[in-house]
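Asks: Output the structure for:
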Amino acid sequence: MIKKGWDTFSAIRQVAAQLGVQPERIRIAGIKDAHALTAQHISIGSMPPQKVLGFKLEGLRIIPVRFMSEKLSSRLIYGNEFNIVVRDIECSLEIAQSRIQETKSELNNLGGVPNFFGHQRFGTVRPVTHEVGRLLVKQDFEGAAAVFLSKPSPHEHPKARRARRRLQETGDYERCLAILPRMFVYERAMLRYLSKRSSDYLGAFRRLPQHLRRFFVQAYQSYLFNKFLSERMKQGIPLRKAQTGDYVVELDEKGLPTERFERAEANNVLEINKKIASGRMTIALPLIGFKQRPSSGLQGEIEKAILEQEEVNPSDFQLEKMPEASAAGGLRTALTPVLNLDVEPGDP
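Replies: Got it, this is the predicted structure:
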């Protein structure tokens, strides 16, 4: 799927509508920036290639590649490739090249870049996705609806800001629906429902696609992961040397993380660090979920403090009233490698 000017979920919704399938039949392995020109693999269940060839929409193309025997998931993706243009650099070419070399050396020494989730995970224009997810995890559906529908952003469409502020002031779903621009499909679906059933917030969220409900909770998992990793770095705890209590995952021959993991203990930490140094293992932090417990040791203390501050427990990710959005959790590497980094000056 090649797109420009589309966020990933809106693009998937349009593809599904034109092909006459439910959005849940389309699987992705990550979300891409709405403004950049991006290309990503998707899978569409039981879809003949000739039908995809007829797809046509401005800023959006689907190119059939091949059949595959399983649904697409992030574990099948080797990595992302970027072509980035930096303009209006104020320093000289010599200084820029020197700084680039310093950065490349630093990345090589570190073994990659800290594996933070990017801002698109939380919303580029209105970063509230993780806030909605936190309230869903706490099963505060009214609070989650209030954030999703009425929290404005200074960067969004002026009419949307006005509609959200009006809803904050009046609680009038019908009036907000009347003035919110039609491009806000998901908010309008919830507003339309709440205009008739003003206290059924759980039902309102079920007007949204299932993958979006799951995404809210996943965004909150991502937010917690970023806090875990950020605090580890602030405290100066290495990302390439395991400490007692750290999770570590095995890497395959391509350097990709596998599902095999263990915890560093006093009796194995030296051997684990040898494997990390040789590129056979890497440190991982938890994506907290109802099956994924925090680390122990120093990293565990960091995670415990953050979870207490957030007033959330791993078991909370088993959503009793919205089980389809429950999140089991897992592990994510603390570093991600940077391969084939090349920089060249462009035309003056």
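
Asks: Distance of residue 269 relative to residue 242?
Replies: Going from residue 269 to residue 242 by Cβ to Cβ, to the nearest Å gives 6 Å. Glycine gets a C-beta too; all of them are placed from N, C-alpha and C.

Asks: Which one of those two is surrounded by more residues?
Replies: It is residue 242, of residue 269 and residue 242, that has more neighbours when counted by other Cβ atoms under 10 Å, with 28 against 19.

Asks: tell me which residues in stretch 190-208 are buried?
Replies: For stretch 190-208, burial by neighbour count (16 or more other Cβ atoms under 10 Å) applies to 190, 191, 193, 194, 195, 201, 204, 205, 206, 208.

Asks: Which member of those residues is positioned nearest residue 65?
Replies: Nearest to residue 65 out of the buried residues of stretch 190-208 is residue 208 (Cβ to Cβ; 29.5 Å).

Asks: Next, the contact list for the residue most central in space within the chain, please.
Replies: The chain has residue 121 as the residue nearest its centroid, 3.6 Å off, counting by Cα atoms, centre = their mean. Residues near residue 121 by Cβ atoms under 8 Å, 6 or more residues apart in numbering: 31, 129, 130, 219, 222.

Asks: Adding secondary structure and distance to residue 299, write the buried residues of stretch 190-208 out as a markdown table.
Replies: Formatted as a markdown table, these follow (DSSP: H, G, I helix; E, B strand; the rest coil; distance: Cβ to Cβ, whole Å):
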| residue | secondary structure | distance to residue 299 |
| --- | --- | --- |
| 190 | helix | 38 |
| 191 | helix | 42 |
| 193 | helix | 42 |
| 194 | helix | 42 |
| 195 | helix | 47 |
| 201 | helix | 36 |
| 204 | helix | 38 |
| 205 | helix | 33 |
| 206 | coil | 37 |
| 208 | coil | 35 |
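
Asks: Could I get the residues you listed in CSV, plus columns for distance to residue 6 and pLDDT?
Replies: Output for these, formatted as CSV (distance: Cβ to Cβ, whole Å; pLDDT from 0 to 100):
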residue, distance to residue 6, pLDDT
190, 21, 98
191, 23, 98
193, 25, 98
194, 27, 98
195, 28, 96
201, 29, 98
204, 25, 98
205, 23, 98
206, 25, 97
208, 18, 96
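
Asks: Okay, buried residues for the longest helix seen in the chain please.
Replies: For the chain, the helix that runs over the most residues, judged by DSSP state H, is helix 210-234. Neighbour-count burial for helix 210-234 flags 211-229, 231-232 (criterion: 16+ other Cβ under 10 Å).

Asks: Run through the strands of this protein in chain order.
Replies: Using DSSP state E, the strands of the chain run over 2-3, 26-28, 38-39, 42-44, 60-61, 113-114, 247-251, 257-263, 281-287, 330-333, 335-336.

Asks: who wins for proximity to residue 296 among the ones you listed?
Replies: Closest to residue 296 of these is strand 257-263 (Cβ to Cβ; 7.0 Å).

Asks: ok, residues contacting the closest one?
Replies: The contact list for strand 257-263, computed with Cβ under 8 Å, 6+ apart, reads 245-252, 268, 272, 282, 284, 295-296, 331, 333.

Asks: Equivalent analysis for stretch 174-194, please.
Replies: Defining contact as Cβ under 8 Å, 6+ apart, one finds that stretch 174-194 is touched by 10, 13, 145, 148-150, 157, 159-160, 162-164, 166-167, 173, 195, 200-201, 203-205, 207-208, 212.

Asks: Out of the residues you listed, list just those in helices.
Replies: Mapping those onto helices (DSSP H) picks out 10, 13, 145, 148-150, 159-160, 162-164, 166-167, 173, 195, 201, 203-205, 212.

Asks: so where is the protein shaky, pLDDT-wise?
Replies: For the chain, applying pLDDT under 70 flags the ranges 348.

Asks: For residue 191, see how far away the closest residue to residue 114 other than its chain neighbours is.
Replies: In space, residue 114 comes closest to residue 229 once its chain neighbours are excluded; the distance is 5.9 Å by Cβ to Cβ, 6 or more residues apart in numbering. From residue 229 over to residue 191 the distance is 36 Å, taken as Cβ to Cβ.

Asks: before we move on, what about residue 8?
Replies: Taking Cβ to Cβ, one finds residue 8 at 23 Å from residue 191.

Asks: try residue 81
Replies: In terms of Cβ to Cβ, residue 81 sits 39 Å off from residue 191.

Asks: and what of residue 7?
Replies: Going from residue 7 to residue 191 by Cβ to Cβ gives 19 Å.

Asks: re earlier: let me know the closest of the contacts of residue 121 to residue 115.
Replies: residue 222 (10.8 Å).

Asks: these two touch, right, the closest one and residue 289?
Replies: No - the pair residue 222 and residue 289 does not pass the contact test of Cβ atoms under 8 Å, sitting 11.8 Å apart.

Asks: Residue 281: what's it in contact with?
Replies: Contacts here follow Cβ under 8 Å, 6+ apart; on that basis residue 281 touches 248, 249, 250, 251, 272, 275.

Asks: Next, count neighbours for the spatially closest residue to residue 52 that is not a sequence neighbour.
Replies: Of all residues not flanking residue 52 in the chain, residue 64 sits nearest, at 4.7 Å (Cβ to Cβ, 6+ apart). Residue 64 is flanked by 14 other residues according to other Cβ under 10 Å.
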